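Asks: Sequence first, then the predicted structure, then my questions.
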Amino acid sequence: MVRVIVNDKEVHVPEGETILTALKKAGDAVPTLCFFRHMYREASCRMCLVELSNGKLVPACAYPVSDGLEVRTDTPRVREARRTVVEFILSIHRIRCWSCPRKGGNCELLKLATAYWVEGIPVCSSCPLYGKDCLVVKGEPCLGPITLAGCGDPCPSNGSPCIGCRGPVTRKDVLEAAAQFYVSNGVELKDVLEVASMFWEGLPNYDALKASLEEAFEKALGGGTG
Amino acid sequence: MRLARVEEVDRVFGHLELEVLKDGVEVKAFFKVTHGARFIELTVNGRPYWEVPYIASRICGACSIAHYVASIRAVEHALGLDAGEWVEDFRDAVNMVQIAQNHLVHLAFLALPDYVEVQGLSDLKSRAGRLVVNSMKLNAACLKAIKLIAGRIVNPNTLGVGGLLKQPFKGPLLKAADYLRECEALAREVVDEALTLLEVPELKDPANNCIAVRPRKTYLTTGDEILTSAGLSFKPSNYKEHLEEVQPEYSNSKAVILGGAPVHVGARARYELLRNYLHDLNIPEVDLGNPFSNLIIKAAEIPYCITAAREILEDLARRTADAVVDPPRDGGEGEGVGVVEAPRGLLIHHYAVSGKRIVNANIITPTEINARHIEASAKALTVSSISDGRPLNADKLQRKLTMLVRAYDPCLPCAVHVSVVRGRMHA
């Protein structure tokens, strides 16, 4: 057994184990994505970064324990690093929340993004309406696919379409995928822009957003498959 | 000569000023709404009709449900839709819970400190701690019930044009009814304690001219007829023949007159006109000719609303109906007026729909209607407390005027939804 100090708390763990085991024993949770077995290999997501007493940031899931190791799980450096990690993961994430099986409360990425103040995931990620219940599938110009999540989706979960009050997602690939989704369900660009104008018309980037949406719809109508 | 001036009335929603002047022999009162104009009627113009309730409910955060319901009913009348009895009852129940919650906040937190003669809520807690804590509990229970059945505390989103957007099942309806049943006794206790503290000043209403919506069923349910103190009744669609909107130069809000005289809406007006529709409202002895009695009726309405809403919810749970409709998107031509008893009184939404869009909107809020009545009451109050052209006690008069304004519970953000722009009256 070796002695590890986690946030000033002493725990004893068998030799050869990782810091993560020590953290679990100390009851100090750190965010991990390890259980996505096929998505992230060990120590590649860097979500579980912790700070050692020498100032090094190391992944808790891979770093072996040694006697007298001091670990801190919640320092400004750690938080900043994790925030960057979430941003990186989100930047390579293929956002198709409207057809994701994890939508409706099980999206780990959304939970992490909310915890570390990273924006960019659409409302569909937390919307509980699946399949034929989805308002876009019903042909409504619901702004869920292109509005930032984090509001707790009170509108779609109560049957009324999202009206975009939390602001738009501006990533081009998301807009293109959303346009595909709209087009395949017969929702027209003019209807989407009509709803969008209610809250977004005054935004400084509204013209650029409108142009991107128009382009995305054009691309989707030009023979793309859903 | 200036007799009294209340520069900024605190403990009301929004900003206002009250000034009483003596012009020769005549005393004049000015109810100046200084809250910035919001142009909601202009925003609504040109929008598709199914979006209007979303926008209109944002006129007010305190009584968003009343605006939502009035707006939905106006659109339904314009398009000739009927939501059915079940849905209407559901809307009534939600509206009633909100009326109770609004009255409670006004009574316990905004108005009562005046009568206990303390500065505000934090001081009130040392004088009537139990009342404050119980009021907060009651407030939380009402909000919980609203959230459960209407989806959200502010701007609820299960209500829609033509029907509901989400089916409220038996379980949530009964659970909300349970929340309300649990706080019924608490509500009576709070109100009884508040009523012992409320000793309203004497004042004779100079213009006893009230209007209210005739309920479909019991007291405070929605309806499609407006009653007046003069024994008149008219359809909401004819409101322009009776109610005249004027824009005073000194105010950011419009004012409304009925037959050239000030008119009062609110709890007192409702009680005066709709007593026959009551089956269980314990009102203490009250002089209805006194505008301050509005506060007492408001207090009495709190337990009534909670009980009535609970009964409606239980009834709805017994006869569950499929209330969800696909939102109507076909469009149509027509004009519609929706009226509802908001916490502060009669609320009118009037829309003209052409195709799928709103082409004209007019909204009249209770505070707008009361504006002239507040002026008349302020004048009467000042006249009763001056001798030889000077106030007997300037500080006391000023305090009484502030109390008077609070007794009406004006909501200024509601009142300033439209104003004069470059000398032209919009909408």
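Replies: Here it is on my side, so go on.

Asks: May I see the buried residues of the helix or strand hosting residue A:199?
Replies: Element membership of residue A:199 [criterion: DSSP states H and E] is helix A:189-200. Residues A:189, A:191, A:192, A:193, A:194, A:195, A:196, A:198, A:199, A:200 are the ones in helix A:189-200 that count as buried (16 or more other C-beta atoms under 10 Å in any protein chain shown). The way it works is simple: take the backbone N, C-alpha and C, and place the C-beta from them, glycine included.

Asks: What parts of chain A come near chain B?
Replies: Residues of chain A found near chain B (C-beta under 8 Å from any C-beta of the partner chain) are A:138, A:140, A:154, A:155, A:157, A:158, A:159, A:160, A:163, A:194, A:195, A:198.

Asks: Is the fourth one in contact with residue A:162, as I believe?
Replies: To tie it back to what came earlier, the one meant is residue A:155. Yes - with contacts counted by C-beta atoms under 8 Å, residue A:155 reaches residue A:162, the gap being 5.2 Å.

Asks: elements contacting the helix holding residue A:199?
Replies: For helix A:189-200, the packing partners by 3 or more C-beta pairs under 8 Å, 6 or more residues apart in numbering or on different chains; DSSP states H and E come out as helix A:172-184, helix A:206-221.

Asks: that's a strand at residue B:200, yeah?
Replies: No - assignment of residue B:200 by DSSP: H, G, I helix; E, B strand; the rest coil gives coil, placing it outside any strand.

Asks: what residues are up against it?
Replies: Shown in contact with residue B:200 (C-beta atoms under 8 Å, 6 or more residues apart in numbering or on different chains): B:115, B:290, B:292, B:293, B:295, B:296, B:407.

Asks: Any regions of chain A where pLDDT drops low?
Replies: By pLDDT under 70, the weakly predicted segments of chain A are A:35-42, A:223-226.

Asks: could you redo the last one with a cut-off of 80?
Replies: A:34-43, A:223-226 (pLDDT under 80).

Asks: can you give me the helices in it?
Replies: For chain A, the helices defined by DSSP state H occupy A:19-26, A:76-92, A:108-115, A:154-157, A:172-184, A:189-200, A:206-221.

Asks: Roughly how far does the residue of the stretch 1-150 of chain B found nearest chain A sit from residue B:140?
Replies: As assessed by C-beta to the nearest C-beta, chain A sits closest to residue B:54 within the stretch 1-150 of chain B, at 5.9 Å. Relative to residue B:140, residue B:54 is positioned 26 Å away (C-beta to C-beta, to the nearest Å).

Asks: now swap in residue A:162 and tell me
Replies: Distance from residue A:162 to residue B:140, by C-beta to C-beta: 28 Å.

Asks: ok, these two, which is more surrounded?
Replies: Higher neighbour count among residue A:162 and residue B:140: residue A:162, with 27 against 13, using other C-beta atoms under 10 Å in any protein chain shown.

Asks: Among the contacts of residue B:200, which one sits closest to chain A?
Replies: Chain A lies nearest to residue B:295 out of the contacts of residue B:200, by C-beta to the nearest C-beta, at 33.8 Å.

Asks: State the number of residues packed around the nearest residue to residue A:99 once chain neighbours are set aside.
Replies: Spatial nearest neighbour of residue A:99, chain neighbours left out: residue A:181 (7.7 Å); criterion: C-beta to C-beta, 6 or more residues apart in numbering or on different chains. A count of nearby residues for residue A:181, using other C-beta under 10 Å, gives 23.

Asks: Residue B:24 now?
Replies: 7.

Asks: Give me the phi and psi for it.
Replies: Reported as degrees, to the nearest 10, the phi and psi values for residue B:24 are phi 70, psi -120.

Asks: and what of the one 4 residues further on?
Replies: Per-residue torsions, residue B:28: phi -130, psi 140 (degrees, to the nearest 10).

Asks: Tell me where the stretch 101-250 of chain B is predicted with low confidence.
Replies: In the stretch 101-250 of chain B, no residues with pLDDT under 80.

Asks: ranges for the helices of it?
Replies: B:112-115, B:121-127, B:129-150, B:170-182, B:184-197, B:239-242 (DSSP state H, counting those that start in this stretch).

Asks: Give me the contacts around the second one.
Replies: Okay, so that is helix B:121-127. With C-beta under 8 Å, 6+ apart as the test, helix B:121-127 has contacts from B:109, B:112, B:113, B:116, B:118, B:131, B:132.

Asks: Likewise for the last one?
Replies: Taking C-beta under 8 Å, 6+ apart as the criterion, the residues outside helix B:239-242 that touch it are B:226, B:228, B:232, B:234, B:258, B:259, B:337, B:339, B:348, B:350, B:364.

Asks: Among these, which are located in strands?
Replies: Judged by DSSP state E, the contacts of helix B:239-242 include B:226, B:228, B:234, B:258, B:337, B:339, B:348, B:350, B:364 as members of strands.

Asks: Please look at the second one and residue B:211 and confirm they touch.
Replies: Yes - Residue B:228 is within contact range of residue B:211, at 4.9 Å (criterion: C-beta under 8 Å).

Asks: Return every residue with contacts to both of these two.
Replies: B:258, B:273.

Asks: between these two, who's got more neighbours?
Replies: Legend: neighbour count by other C-beta under 10 Å for residue B:228 and residue B:211, higher for residue B:211 (27 against 19).

Asks: For that one, list the residues it contacts.
Replies: Contacts of residue B:211 (C-beta under 8 Å, 6+ apart): B:226, B:227, B:228, B:229, B:258, B:263, B:264, B:265, B:269, B:273, B:346, B:369.

Asks: quick one: which of the residues you listed is nearest chain A?
Replies: Nearest to chain A among the contacts of residue B:211, with distances taken as C-beta to the nearest C-beta, is residue B:346, at 26.8 Å.

Asks: Next, the buried residues of the host helix or strand of the closest one.
Replies: Assigned by DSSP H and E, residue B:346 belongs to strand B:345-355. Across strand B:345-355, burial judged by 16+ other C-beta under 10 Å covers B:345, B:346, B:347, B:348, B:349, B:350, B:351, B:352, B:353.

Asks: Please identify which two of the residues you listed are farthest apart in space.
Replies: Spanning the widest gap among the buried residues of strand B:345-355 are B:345 and B:353, at 26.1 Å by C-beta to C-beta.

Asks: In this structure residue A:68 contacts residue A:5, no?
Replies: Yes - look at residue A:68 against residue A:5 with C-beta under 8 Å: they come within range, at 7.4 Å.

Asks: May I have stretch B:149-168 exported as PDB, CA atoms only?
Replies: Extracted C-alpha coordinates of stretch B:149-168, given in PDB (Å, rounded to 0.1, in the frame of the first residue of the first chain):
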ATOM      1  CA  ILE B 149     -49.100  21.700 -15.100                       C
ATOM      2  CA  ALA B 150     -48.000  24.600 -17.300                       C
ATOM      3  CA  GLY B 151     -44.400  23.600 -17.900                       C
ATOM      4  CA  ARG B 152     -42.600  26.800 -16.700                       C
ATOM      5  CA  ILE B 153     -43.100  29.300 -14.000                       C
ATOM      6  CA  VAL B 154     -42.800  32.400 -16.300                       C
ATOM      7  CA  ASN B 155     -44.100  32.300 -19.900                       C
ATOM      8  CA  PRO B 156     -45.600  28.800 -19.500                       C
ATOM      9  CA  ASN B 157     -45.400  26.800 -22.700                       C
ATOM     10  CA  THR B 158     -48.000  24.000 -22.600                       C
ATOM     11  CA  LEU B 159     -50.700  26.400 -23.600                       C
ATOM     12  CA  GLY B 160     -51.300  26.900 -27.300                       C
ATOM     13  CA  VAL B 161     -53.700  28.200 -29.900                       C
ATOM     14  CA  GLY B 162     -56.600  25.900 -30.400                       C
ATOM     15  CA  GLY B 163     -55.700  23.500 -27.600                       C
ATOM     16  CA  LEU B 164     -52.700  22.400 -25.500                       C
ATOM     17  CA  LEU B 165     -49.300  21.600 -26.800                       C
ATOM     18  CA  LYS B 166     -48.700  18.900 -24.200                       C
ATOM     19  CA  GLN B 167     -51.200  16.600 -22.700                       C
ATOM     20  CA  PRO B 168     -51.400  17.000 -18.900                       C
END
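
Asks: I appreciate the help and will end here.
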